[in-house]
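Enquirer: Okay, sequence plus prediction incoming.
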Amino acid sequence: MKKKTSAWLLLLAVAIMAAGCETGAQTGSKEPAGQVAQHEQQGSTSAQADGSGAGVHTPEQQTASDGSNTTSSTTSGTGGQASTDGHVAKVRMDNITALRLIDGQSGWIGGNGWIARTDAGPSGSVGSAWNVQYQGQGTVQQIFALNGHQAWAAMADSGSLLATRDGGKRWEAVGTVPKEGTAGFLHFVSSNEGFSGNQYTKDGGQSWSALPVPDHMVGQPYFHDRQNGWVVTQATDRSFQIVHTVNGGQKWTPVMSRTTEEPLNGAIIRSVERGNAWIELIGGTGMNQTSYSLWHTADSGQSWRAVVANATAGGGPAPGISQKDNQVSKNEGVAPGMLYAVNSNTALMGGYCAPCDKSNTIGWTNDGGKTWNNGKQSFDGYGSQQIGMANAKEGWAIFSDSEQAPVMYTTSDGGEHWTQSHVFDKPAASGH
């Protein structure tokens with residue numbers, strides 16, 4: 001029970017820090033999400049990025065579905081190709097802290113001091129083999145991919161930002177996300193313009209400036225683009241507001257006000273289209289249970305739909321939902337997992353149950369929140385939960401654990417069915 005309790009607290013912190021969002025890796029005009037990080041790097045630091053933004057050259061360790069590892073012997077140092085280094089340490093993929101899809105068969109993952117990529121092969125299941133493209137200091141907190149060539153990775157704690165323009169063959173240290181934005185969701189709308197919380201860059205992450213935000217914020221603000229943003233505020237313990245800007249934060253307008261029996265303890269916002277937002281409100285926690293609600297608007301906040309309302313005995317009522325209202329759908333589990341917004345109609349959300357033998361579940365909506373579907377499968381893992389979607393149908397989920405190897409699953413029907421595709425490395429502390 002001690003393991004399950006500590007894991008549940010870690011997962012809750014992860015859910016508040018980050019969650020997933022849509023198909024920007026394919027379109028370049030909308031944004032997907034990122035996720036968390038912990039701990040430090042193991043092994044060699046021979047491929048660390050230096051602070052000048054020089055390229056990082058790292059031998060490509062290939063990890064197959066059977067757990068075997070090889071290191072490529074590419075000798076070309078030009079064009080950002082991996083260089084030969086017989087002393088490079090084997091990367092242990094025992095805790096996946098970030099996930100980003102390019103399409104249904106390709107994507108990146110990150111962990112403690114490494115980034116790896118998988119691509120569709122002539123045979124084998126999706127995600128069956130991974131190429132380690134980067135090794136260095138720090139833990140990868142988020143990865144965002146604009147497409148299959150351009151991507152960014154933010155490191156936990158330091159806010160150091162890496163970038164690639166050649167599909168990951170070469171990763172560069174390009175800048176640092178300011179402290180005010182390190183907990184925000186990193187996303188780019190073009191090669192140069194990006195956001196993290198209220199921090200804004202117009203040079204690909206080299207420099208950042210702050211956009212105006214209101215007082216009494218809960219969680220991180222979210223700017224869909226340079227003009228349109230969302231914030232949850234809480235001036236008193238018994239009420240909260242959702243506010244919206246259409247002029248870059250110069251003016252914030254309340255678009256929803258609600259009373260609540262318990263103060264909010266977090267908010268996660270994702271905006272996949274202008275005027276569209278999915279907002280998760282996190283309430284009280286007790287007895288390994290956390291109350292929360294999920295809201296959606298498609299008309300710039302003029303109307304709101306309560307998508308999910310999870311009241312719990314330990315955490316109290318779902319934020320903004322009356323205890324008498326039992327018409328709102330409930331997600332599985334007793335605490336929130338990761339939120340991933342795909343488009344204005346589709347969003348997925350994990351559930352977590354610390355006392356359960358299989359602690360992870362995934363639910364979804366395909367109609368803007370009018371109906372909520374709870375998946376029939378449940379998954380092992382008392383660590384981080386990663387969910388990523390390439391589109392409304394194709395997606396991946398990875399569940400980590402402090403004692404067991406992380407396991408990756410894929411779906412081709414929007415989350416109704418998940419198939420195991422890869423088992424990563426078992427944590428060293430738990431033995432082999």
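Expert: On my side now, so go ahead.

Enquirer: Okay, now the unreliable bits of the stretch 1-150 of the chain?
Expert: In the predicted model, the stretch 1-150 of the chain carries pLDDT under 70 at residues 1-89, 122-124.

Enquirer: change it to 50
Expert: Within the stretch 1-150 of the chain, the ranges that satisfy pLDDT under 50 run 2, 5, 8, 10, 14, 16-18, 23-60, 66-67, 70-88.

Enquirer: ok, longest strand in this structure?
Expert: strand 130-145 (DSSP state E).

Enquirer: Tell me which other helices or strands it touches.
Expert: Here strand 130-145 touches helix 24-27, strand 61-63, strand 98-101, strand 107-118, strand 151-155, strand 160-164, going by 3 or more CB pairs under 8 Å, 6 or more residues apart in numbering; DSSP states H and E. C-betas here are computed from N, CA, C, even on glycine.

Enquirer: Next, the buried residues of that strand.
Expert: Buried residues in strand 130-145, counted by 16 or more other CB atoms under 10 Å: 130-136, 138-145.

Enquirer: Where do the strands of the stretch 251-400 of the chain begin and end?
Expert: With DSSP state E, counting those that start in this stretch as the definition, the stretch 251-400 of the chain shows strands at residue ranges 253-259, 266-273, 276-286, 289-297, 305-310, 335-341, 347-352, 360-365, 373-374, 385-389, 395-399.

Enquirer: Tell me which of these lies nearest to Ser106.
Expert: strand 395-399 (10.5 Å; CB to CB).

Enquirer: Relative to the whole chain's centre, how far out is that closest one?
Expert: 11 Å (CA atoms, centre = their mean, to the nearest Å).

Enquirer: quick one on the thing from earlier: now render the strands of the stretch 251-400 of the chain as CSV, adding mean neighbour count and distance to Asn112.
Expert: Converted to CSV, the strands of the stretch 251-400 of the chain look like this (neighbours: other CB atoms under 10 Å; distance: least, CB to CB, whole Å):
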stretch, mean neighbour count, distance to Asn112
strand 253-259, 15, 39
strand 266-273, 24, 24
strand 276-286, 24, 26
strand 289-297, 26, 26
strand 305-310, 23, 31
strand 335-341, 29, 19
strand 347-352, 28, 22
strand 360-365, 25, 21
strand 373-374, 16, 33
strand 385-389, 29, 14
strand 395-399, 27, 15
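
Enquirer: Could you dump those strands into TSV with distance to Arg170 and mean pLDDT added?
Expert: Formatted as TSV, the entries for those read as follows, by distance: least, CB to CB, whole Å; pLDDT from 0 to 100:
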stretch	distance to Arg170	mean pLDDT
strand 253-259	43	97
strand 266-273	30	97
strand 276-286	35	97
strand 289-297	39	98
strand 305-310	41	97
strand 335-341	29	97
strand 347-352	32	98
strand 360-365	35	98
strand 373-374	42	98
strand 385-389	23	98
strand 395-399	25	98
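
Enquirer: Any idea which of the ones you listed gets closest to Val213?
Expert: Ranking these by their distance to Val213 (criterion: CB to CB) puts strand 266-273 first, at 12.0 Å.

Enquirer: what's the spacing between the closest one and its chain's center?
Expert: Computed by CA atoms, centre = their mean, the chain-centroid distance of strand 266-273 equals 12 Å.

Enquirer: before we move on, what about stretch 162-175?
Expert: The answer for stretch 162-175 is 19 Å, by CA atoms, centre = their mean.

Enquirer: Test my guess that Ser158 contacts Val177.
Expert: No. The pair Ser158 and Val177 does not pass the contact test of CB atoms under 8 Å, sitting 9.1 Å apart.

Enquirer: Have a look at the two and say which one is more surrounded.
Expert: A side-by-side neighbour count of Ser158 and Val177, using other CB atoms under 10 Å, places Val177 first with 26 against 15.

Enquirer: ok, and the closest non-adjacent residue to that one?
Expert: Counting by CB to CB, 6 or more residues apart in numbering, Gly159 is the residue found nearest to Val177 once chain neighbours are left out, at 4.1 Å.

Enquirer: re the thing from before, could you provide the strands of the stretch 251-400 of the chain in CSV, with additional columns for distance to Ser239?
Expert: Shown next, in CSV, are the strands of the stretch 251-400 of the chain (distance: least, CB to CB, whole Å):
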stretch, distance to Ser239
strand 253-259, 5
strand 266-273, 14
strand 276-286, 12
strand 289-297, 15
strand 305-310, 17
strand 335-341, 21
strand 347-352, 25
strand 360-365, 27
strand 373-374, 30
strand 385-389, 31
strand 395-399, 35
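
Enquirer: dump the residue contacts of Met287.
Expert: Counting by CB atoms under 8 Å, 6 or more residues apart in numbering, Met287 touches Thr312, Ala313, Gly314.

Enquirer: I should have written Ile269 there, sorry.
Expert: The neighbours of Ile269, taking CB under 8 Å, 6+ apart as the test, are Phe185, Gly219, Gln220, Pro221, Tyr222, Trp230, Val231, Val232, Ala277, Trp278, Ile279, Glu280.

Enquirer: Please repeat the previous calculation with a cut-off of 7 Å.
Expert: Residues in contact with Ile269 (CB atoms under 7 Å, 6 or more residues apart in numbering) are Tyr222, Trp230, Ala277, Ile279.

Enquirer: Closest one of these to Gly381?
Expert: The shortest separation between Gly381 and any of the contacts of Ile269 is 26.3 Å, and it belongs to Ile279 (by CB to CB).
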